[in-house]
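Undergrad: pasting the structure only:
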């Protein structure tokens with residue numbers, strides 16, 4: 001298990017490196033109920049290893065502090081009680097320093113366990129540590145999403161970091177790539193790690209279709225806004241139109257005006273809208289309305305996976321250190337991976353024959369298969385080695401604080 005121990009250490013170190021730009025005050029704030037403070041993320045992923053690996057399998061393991069099970073359980077009903085999510089920002093204690101001590105305590109115990117696992121439980125330990133590592137990578141993305149949300153609530157609009165972004169280049173024109181349909185297979189197969197919601201692999205019928213060769217840009221979305229896209233009920237789903245009206249949406253999240261100038265806020269701070277960048281932080285409702293305005297549609301998740309499975313897993317990921325989406329690099333089919341999660345028109349539902357993991361870990365994905373839509377492809381704050389063509393992300397249709405964008409599709 002030495003390779004697994006090394007990956008565990010690398011992922012744990014990256015979580016802490018992502019917090020390095022934060023000041024101590026930044027660790028505790030929560031600007032909206034869907035977000036969580038950075039301190040909570042660091043503690044929750046640690047509790048996951050403690051609750052699901054160390055407590056059941058490490059002989060003589062000493063729980064760091066029993067009250068943490070209530071504070072840092074997220075939603076696992078069968079694991080015990082949990083502190084209300086909208087109130088996580090009220091927790092000034094435990095301190096940040098104590099959370100880092102908690103991480104060290106758990107890290108040491110887990111590395112000891114991996115060095116000498118009880119043989120009768122070795123397979124379960126391996127499975128759960130692998131899941132815990134991927135779970136922490138998910139929370140690294142959430143940590144950056146939530147930090148952006150937290151910083152956006154501050155009138156100072158602070159920057160999380162100021163990287164040297166690539167020099168601006170002209171956006172290739174949007175084109176279309178044709179894909180043949182037929183009886184195809186989607187879903188994960190093989191022994192490599194995948195979440196339970198990616199299985200089982202199964203057959204799906206597709207008609208021939210076309211995909212846009214790149215993501216929709218800020219300039220293209222701006223044309224929708226300037227054509228009164230947010231004021232035309234005929235473009236919106238009923239719930240989407242209600243949301244636009246009640247939330248007073250006029251543009252994507254983190255767009256704002258400074259005089260007559262269009263501005264955008266991201267992890268690099270506030271700046272004039274970069275028109276060639278992919279439009280980001282869209283809800284499903286906005287992506288769907290734009291597609292309808294453009295006379296196109298969103299792809300299904302099966303179409304997206306069919307197009308992506310033969311493509312190299314390349315793009316702008318967390319690994320690049322930019323944490324902002326970049327314009328399409330060249331003509332032709334690109335940006336399938338990285339940059340922005342791509343909304344599909346598919347509801348998040350179980351695949352035929354789906355079986356959740358046994359026990360409490362069965363709550364990880366399965367119980368959310370209602371009222372959510374599927375996104376594919378990863379984004380600029382997703383780790384490259386976390387992704388694969390079968391990966392299914394999911395959010396509610398009105399959510400838009402994640403790094404989400406859109407790719408158009410059309411029938412033939």
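TA: Arrived safely. Keep in mind the model is a prediction, meaning the values are calculated, not measured.

Undergrad: below-threshold pLDDT in this structure: ranges please.
TA: Along the chain, the model assigns pLDDT under 70 to residues 1.

Undergrad: okay, domains of it per the record?
TA: 2-152, 176-411 (automatic domain parsing).

Undergrad: gap between the two ends of the shortest one?
TA: Going back to what we said before, that points to domain 2-152. Distance across domain 2-152, first residue to last, is 41 Å (C-alpha to C-alpha, to the nearest Å).

Undergrad: still on that earlier bit, export the domains of the chain to a markdown table and append columns for mean neighbour count.
TA: No exception for glycine: its C-beta is placed from N, CA and C like everyone else's. Shown next, in a markdown table, are the domains of the chain (neighbours: other C-beta atoms under 10 Å):
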| stretch | mean neighbour count |
| --- | --- |
| domain 2-152 | 17 |
| domain 176-411 | 18 |
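
Undergrad: and these: which comes nearest residue 162?
TA: Comparing these against residue 162 with C-beta to C-beta, the closest turns out to be domain 176-411 (5.9 Å).

Undergrad: how distant is the closest one from the center of its chain?
TA: Offset of domain 176-411 from its chain centre (C-alpha atoms, centre = their mean, to the nearest Å): 10 Å.

Undergrad: returning to what we had before: tell me which of the domains of the chain lies nearest to residue 159.
TA: Per C-beta to C-beta, nearest to residue 159 of the domains of the chain: domain 176-411, 3.3 Å.

Undergrad: what about that closest one, how long is it end to end?
TA: First-to-last residue span, domain 176-411, C-alpha to C-alpha: 11 Å.

Undergrad: swap in stretch 175-189?
TA: Note: stretch 175-189 ends 32 Å apart using C-alpha to C-alpha.

Undergrad: residues in contact with it?
TA: Contacting residues not belonging to stretch 175-189 are listed as 194, 198-213, 301-303, 305-307, 331-333, 351, 388, 390, 410, 412 [C-beta atoms under 8 Å, 6 or more residues apart in numbering].

Undergrad: now do the helices in the chain.
TA: 2-18, 38-49, 55-57, 68-72, 96-115, 122-152, 218-226, 238-247, 284-293, 301-308 (DSSP state H).

Undergrad: can you redo those helices as TSV with distance to residue 357?
TA: Shown next, in TSV, are the helices of the chain (distance: least, C-beta to C-beta, whole Å):
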stretch	distance to residue 357
helix 2-18	18
helix 38-49	13
helix 55-57	14
helix 68-72	20
helix 96-115	20
helix 122-152	8
helix 218-226	39
helix 238-247	32
helix 284-293	27
helix 301-308	21
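
Undergrad: circling back: let's see which of the contacts of stretch 175-189 end up in strands.
TA: Those of those mapping onto strands are 202, 203, 204, 205, 206, 209, 210, 211, 212, 410, per DSSP state E.

Undergrad: for the first one, what are its contacts?
TA: Put plainly, it is residue 202. So residue 202 contacts 185, 186, 187, 351, 352, 353 (C-beta under 8 Å, 6+ apart).

Undergrad: bridging residues for it?
TA: The partner list for residue 202 in beta bridges (DSSP bridges) reads residue 186.

Undergrad: can you check the fifth one too?
TA: Taking DSSP bridges, one finds residue 182 as the beta-bridge partners of residue 206.

Undergrad: quick one: end-to-end length of stretch 58-68, please.
TA: Terminal residues of stretch 58-68 are spaced 18 Å apart (C-alpha to C-alpha).

Undergrad: again with stretch 149-161
TA: Using C-alpha to C-alpha, first and last residues of stretch 149-161 are 15 Å apart.

Undergrad: and stretch 20-35, by the same measure?
TA: 19 Å.

Undergrad: circling back: reformat the domains of the chain as a markdown table; add distance to residue 167.
TA: Formatted as a markdown table, the domains of the chain follow (distance: least, C-beta to C-beta, whole Å):
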| stretch | distance to residue 167 |
| --- | --- |
| domain 2-152 | 24 |
| domain 176-411 | 11 |
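
Undergrad: for residue 28, which of the helices of the chain is the nearest?
TA: Ranked by C-beta to C-beta, the member of the helices of the chain that lies closest to residue 28 is helix 38-49, at 5.7 Å.

Undergrad: what's that closest one in contact with?
TA: By C-beta under 8 Å, 6+ apart, helix 38-49 touches 15-16, 19, 22, 26-28, 30, 36, 68-69, 71-74, 88, 91, 94, 96, 99-100, 102-103, 106, 110, 129, 132, 135-136, 139, 142-143, 146-147.

Undergrad: what angle separates that helix from helix 2-18?
TA: Using axes from the mean of the first three to the mean of the last three C-alpha atoms, to 10 degrees, the direction of helix 38-49 lies 160 degrees away from that of helix 2-18.

Undergrad: and helix 38-49, how far from the chain's centre?
TA: Mean-position distance between helix 38-49 and its chain equals 17 Å (C-alpha atoms, centre = their mean).

Undergrad: same deal with stretch 91-109?
TA: The answer for stretch 91-109 is 25 Å, by C-alpha atoms, centre = their mean.

Undergrad: about what we covered before: just the closest of the ones in strands among the contacts of stretch 175-189 to residue 116, please.
TA: residue 202 (40.0 Å).

Undergrad: if we can go back for a sec, please tabulate the contacts of residue 202 in JSON lines, including the columns distance to residue 266.
TA: Converted to JSON lines, the contacts of residue 202 look like this (distance: C-beta to C-beta, whole Å):
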{"residue": "185", "distance to residue 266": "37"}
{"residue": "186", "distance to residue 266": "32"}
{"residue": "187", "distance to residue 266": "34"}
{"residue": "351", "distance to residue 266": "35"}
{"residue": "352", "distance to residue 266": "40"}
{"residue": "353", "distance to residue 266": "41"}
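
Undergrad: between the residues you listed, which is nearest residue 339?
TA: residue 186 (21.7 Å).

Undergrad: any idea how far the closest one lies from residue 405?
TA: Separation of residue 186 from residue 405 (C-beta to C-beta, to the nearest Å): 22 Å.

Undergrad: over to residue 152?
TA: 18 Å.

Undergrad: how about residue 239?
TA: Distance from residue 239 to residue 405, by C-beta to C-beta: 21 Å.

Undergrad: same check, this time on residue 153
TA: For residue 153 relative to residue 405 (C-beta to C-beta), the value is 23 Å.

Undergrad: swap in residue 329?
TA: 16 Å.

Undergrad: alright, I will stop here.
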